[in-house]
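Enquirer: Take a look and give me a structure for this.
(one chain, ligands or ions: 2)
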Amino acid sequence: MSSIIHLLPDHVANQIAAGEVVQRPASVVKELLENAVDAQATSITLVVKDGGKSLIQVVDNGTGMGDTDARLSFERHATSKINTAEDLFRLQTKGFRGEALASIAAVAHVEMKTKLETDDIGTHLIVEGSAIVQQEPCVTPVGTSIAVKNLFFNIPARRNFLKSTTVEQKHVIDEFQRVALVHPSIAFKLIHNGSELFQLPSSNLRQRVVGVMGSKTNQKWVPVNEETDLIKLTGFVGKPEFAKKSRGEQFFFVNDRFIKHPYLHHAVSNAFEGLLKDKAYPSYFLYLQVDPKSIDINIHPTKTEVKFDNEHAIYSILRSSVKHSLGQFSVAPVLDFNKDSSMELEYTKHKSKAKLPSIDVDRNFNPFEAEKDSTFSKKKHSHSIPSKTNSHWEALYTEKEFDENILNIEVESETVSPQLFQSKDFGYDSSGTFQLQRKYIITSTKSEMIIIDQHRAHFRILYEELLKNITAQPALSQQLLFPLKLQLDTNELRVFKILKASLSNAGFSISEVGEDFVTINGIPNRLPESETSILLDQLLSDFDNDIPDSGFEQTDRLAKSLAKGMAIKNGTLLQKEEQTELVNLLFSCKEPMLTPLNRLVFVKQSAADFDKKFM
Ligand code: ADP
Ligand code: MG
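Expert: Numbers count the residues shown, from 1 in each chain. Ligands and ions are numbered 1, 2, ... in the order given. A predicted model of the protein is given here:
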């Protein structure tokens, strides 16, 4: 019986394999750039035409190849990077399969010029659909230049599948950035259709991040550094106020490879919890170095997933390090990317003194328990007498994750007693509250269920209180251990000066107004120190273009902006006592129904409505 199994001809086998490695122009870009990095280039130029559909060329000044190697490099499984299977576990290079050039050559027209430093003459090779069609000596500088033209010329179905030039170009840029971001010491250039999109000189990591992301962004990053037995973590996270509405700037690199990792992404997002505005995404560039043995890196060439042995531990380290950095640095308005690192160290030390307990937080910490013992002794230093009804105030307004300074917050002596309203005016039973989805507080009256939006309720409460403070008696403020210096641009400073008096009344104690900065010694009670700069930035931009003349409208806008920024966020877990306080205080407001921006604070559902449903 004749055999029906046969070996595929090489060029067919190669095309199939190419499908795995080369999916679009960006895949070629990735492979060629990585080869140039592996060849120890110090300068790499990428030239692309039509999103890479007509040309992708990478020119490097790396080691180059001799004429035999130049030929061999296009053979499948031809690599200079590993010899034995064990080498896979101590990879120092990007490539190791020896498949990329073979795959690319199977589906495109490839032209290579390469020369070793020790050779006088280089090699010029032309490969089309896996076949070497020309090889000759040539004059060329040390290093390698590879041009890939007419991608998928021999697989029309794949070629038609390519997206528009703009889309492919975007993918190309993504790959370029991912490589450039891990090799700041290498100079990179990207030229698309004749125009230079990136010119990145050899630099340090911060300058590279800024270079890749655009020069205006150097104020938005705070450094993250951590070293444990498991990982070494470096990089930057974006200050929360610069958070984007899109996920564009999220980068993880593990042992110098870009990866996507939803679980670790979650760790970072978690560290930002409560700091971001709705629908904003944190930006980060985080570089993890781990023992190569502890990850599975022998993954599919086009995939970017990595499997860690110690995923949970890495999760916690990542989360607490990012949190720590945000706590330490988010109050620092400017991070000078050109500053030398010794200065940065001093700064770090200095700041960490001020905000000691910003990590290692006991999530089960209950402020009410603490209050019973330690809090009162600390409160001796506070000037006001806590009244019975607002003894839980500070707990309501503090982010438990911040620091123990929160326990020092002074409480106001003058209040309306919310208890008065209970049962008499509203008849609700605030003791029977519960929280739904960390967003709604549910309480009831005799005949109705009341569903309160926690953020909006707090917005209303703070607004009325601030309004009173700004207009009638100045609010109490908490003194900062280290004054906060905020860097402001001309416009922000202009706005700040106009609002200065009102801000003082609201509890900001302003010690200095410089040419491009202000110094703040004290901030309103209940405002966590780490949120101050975010809040003020927001405030100044709220007033940016139109500042009402002094008078009620200005005060009103200021109170609205501050209250909105200070109000507890949805997603915050509230303890029973906090829920009760919120309900009580809301119903002692003048206008509990609506937020200062006229949105509904609560809705009611009557027992009669329920009766109907159960008919
Ligand atoms: P891999 O990178 O997995 O080894 P490739 O097919 O990408 O496989 O490359 C095959 C070999 O060709 C590499 O191992 C390397 O020796 C050589 N090579 C490829 N590109 C370059 C380059 N730009 N400079 C010097 N050598 C290169
Ligand atoms: Mg390679």
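
Enquirer: in the stretch 51-200 of the chain, which spans are strands?
Expert: If DSSP state E, counting those that start in this stretch is used as the criterion, the strands of the stretch 51-200 of the chain fall at 55-60, 109-115, 122-128, 131-138, 143-149, 187-192, 195-200.

Enquirer: got the residues of this protein near ligand 1?
Expert: 31, 35-36, 39, 60, 62-65, 73, 78-81, 95-102, 144 (C-beta under 6 Å from any ligand atom). Glycine gets a C-beta too; all of them are placed from N, C-alpha and C.

Enquirer: quick one, phi/psi of residue 499?
Expert: phi -90, psi 0 (degrees, to the nearest 10).

Enquirer: Let me fix that, I meant to ask about residue 437.
Expert: phi 50, psi 30.

Enquirer: returning to what we had before: take the residues of the chain next to ligand 1 and, keeping just the buried ones, write it as a ChimeraX select command.
Expert: To isolate the buried members of the residues of the chain next to ligand 1 in ChimeraX, using 16 or more other C-beta atoms under 10 Å:
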select :31,35,36,39,60,62,63,64,65,73,79,80,95,96,97,98,99,100,101,102,144
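
Enquirer: still on that earlier bit, export the strands of the stretch 51-200 of the chain to TSV and append columns for mean pLDDT.
Expert: As requested, the strands of the stretch 51-200 of the chain are exported to TSV (pLDDT from 0 to 100):
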stretch	mean pLDDT
strand 55-60	98
strand 109-115	97
strand 122-128	96
strand 131-138	94
strand 143-149	97
strand 187-192	95
strand 195-200	90
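
Enquirer: Those into a markdown table, with extra columns for distance to residue 288?
Expert: Below are the strands of the stretch 51-200 of the chain laid out as a markdown table (distance: least, C-beta to C-beta, whole Å):
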| stretch | distance to residue 288 |
| --- | --- |
| strand 55-60 | 27 |
| strand 109-115 | 34 |
| strand 122-128 | 37 |
| strand 131-138 | 41 |
| strand 143-149 | 30 |
| strand 187-192 | 22 |
| strand 195-200 | 22 |
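
Enquirer: any chance of those strands in CSV, plus distance to ligand 2?
Expert: Conversion of those to CSV gives the following (distance: least, C-beta to the ion, whole Å):
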stretch, distance to ligand 2
strand 55-60, 11
strand 109-115, 13
strand 122-128, 15
strand 131-138, 18
strand 143-149, 11
strand 187-192, 17
strand 195-200, 21
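
Enquirer: looking at the ones you listed, which is closest to residue 225?
Expert: With C-beta to C-beta, the closest approach to residue 225 among the strands of the stretch 51-200 of the chain belongs to strand 195-200: 22.8 Å.

Enquirer: Alpha carbons of that closest one, as CSV, please.
Expert: Coordinates of each C-alpha in strand 195-200 appear next as CSV, following Å, rounded to 0.1, in the frame of the first residue of the first chain:
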residue,chain,number,x,y,z
SER,A,195,9.2,61.7,8.8
GLU,A,196,11.0,61.2,12.0
LEU,A,197,8.5,60.0,14.7
PHE,A,198,11.0,59.3,17.5
GLN,A,199,14.6,60.4,18.1
LEU,A,200,15.7,58.9,21.4
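
Enquirer: shift numbering so it begins at 174
Expert: New numbering, starting at 174: the last item is strand 368-373.

Enquirer: and the next helix or strand after it, what does it pack onto?
Expert: Where DSSP states H and E defines the elements, the next helix or strand beyond strand 368-373 is helix 378-386. If contacts are counted by 3 or more C-beta pairs under 8 Å, 6 or more residues apart in numbering; DSSP states H and E, helix 378-386 sits against helix 338-355, strand 368-373, strand 394-400, strand 404-411.

Enquirer: Out of the ones you listed, which one sits most buried?
Expert: Across the helices and strands packed on helix 378-386, the average number of neighbours (mean count of other C-beta atoms under 10 Å) peaks for strand 404-411, which reaches a mean of 22.

Enquirer: helices and strands around it, which ones?
Expert: Short answer (3+ C-beta pairs under 8 Å, 6+ apart): strand 404-411 packs on helix 378-386, strand 394-400, strand 457-463, helix 484-502.

Enquirer: could those be laid out in JSON lines, adding mean pLDDT and distance to residue 671?
Expert: Output for these, formatted as JSON lines (pLDDT from 0 to 100; distance: least, C-beta to C-beta, whole Å):
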{"stretch": "helix 378-386", "mean pLDDT": "87", "distance to residue 671": "32"}
{"stretch": "strand 394-400", "mean pLDDT": "90", "distance to residue 671": "29"}
{"stretch": "strand 457-463", "mean pLDDT": "94", "distance to residue 671": "35"}
{"stretch": "helix 484-502", "mean pLDDT": "90", "distance to residue 671": "28"}
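
Enquirer: rewinding a little: would TSV of the helices and strands packed on helix 378-386 with distance to residue 786 be doable?
Expert: Formatted as TSV, those follow (distance: least, C-beta to C-beta, whole Å):
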stretch	distance to residue 786
helix 338-355	50
strand 368-373	60
strand 394-400	51
strand 404-411	47
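
Enquirer: Need the pLDDT of residue 474.
Expert: Note on residue 474: pLDDT of 57.

Enquirer: ok, so what distance separates the most centrally placed residue in the chain from ligand 2?
Expert: Nearest to the mean C-alpha position of the chain, by C-alpha atoms, centre = their mean, lies residue 456 at 2.2 Å. The gap separating residue 456 from ligand 2 is 30 Å, by C-beta to the ion, to the nearest Å.

Enquirer: repeat for residue 684
Expert: Where ligand 2 is concerned, residue 684 sits at a distance of 58 Å (C-beta to the ion).

Enquirer: and that residue, which of the three is it?
Expert: strand (DSSP: H, G, I helix; E, B strand; the rest coil).

Enquirer: need the contact list for it.
Expert: Applying C-beta atoms under 8 Å, 6 or more residues apart in numbering to residue 684 gives the contacts 656, 692, 693, 694.

Enquirer: which ones are touching the second one?
Expert: Under the criterion of C-beta under 8 Å, 6+ apart, the contact list for residue 692 reads 656, 657, 658, 659, 683, 684, 685, 686.
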